[in-house]
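Peer 1: Generate coordinates for the sequence data below:
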Amino acid sequence: MARLILDTGVLVRAARGRLAAGTIDTDDDVALPAVVIAKFLSGILGDGDTV
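Peer 2: Got it, this is the predicted structure:
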């Protein structure tokens, strides 16, 4: 089990299907800071391309 604090880059790679399977284990303790989620969502809304 690992403690992971994810950043925007990880969310973008996951949304684009570029995150390798098994990178994050189901037993890992994952945290997403609210500012990372806000930055990710504002990036999606501001981008003309869909993820």
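Peer 1: CA atoms for contacts and neighbours, from now on please.
Peer 2: Will do.
Peer 1: Packing partners of the helix or strand of the chain with the lowest mean pLDDT?
Peer 2: Of all helical and strand segments in the chain, the minimum by mean pLDDT, DSSP states H and E falls on helix 34-46, at a mean of 86. Where contact means 3 or more Cα pairs under 8 Å, 6 or more residues apart in numbering; DSSP states H and E, helix 34-46 is packed against helix 8-15.
Peer 1: between the helix it packs on and helix 34-46, how big is the angle?
Peer 2: 50 degrees (axes from the mean of the first three to the mean of the last three Cα atoms, to 10 degrees).
Peer 1: number of nearby residues for residue 11?
Peer 2: 17 (other Cα atoms under 10 Å).
Peer 1: I'd assumed residue 38 was in contact with it.
Peer 2: No. If you go by Cα atoms under 8 Å, residue 11 and residue 38 don't touch, sitting 11.5 Å apart.
Peer 1: For residue 31, give me phi and psi.
Peer 2: Backbone torsions for residue 31, taken as degrees, to the nearest 10, come to phi -130, psi 140.
Peer 1: Any stretches of the protein with poor pLDDT?
Peer 2: Residue ranges of the chain with pLDDT under 70: 48-51.
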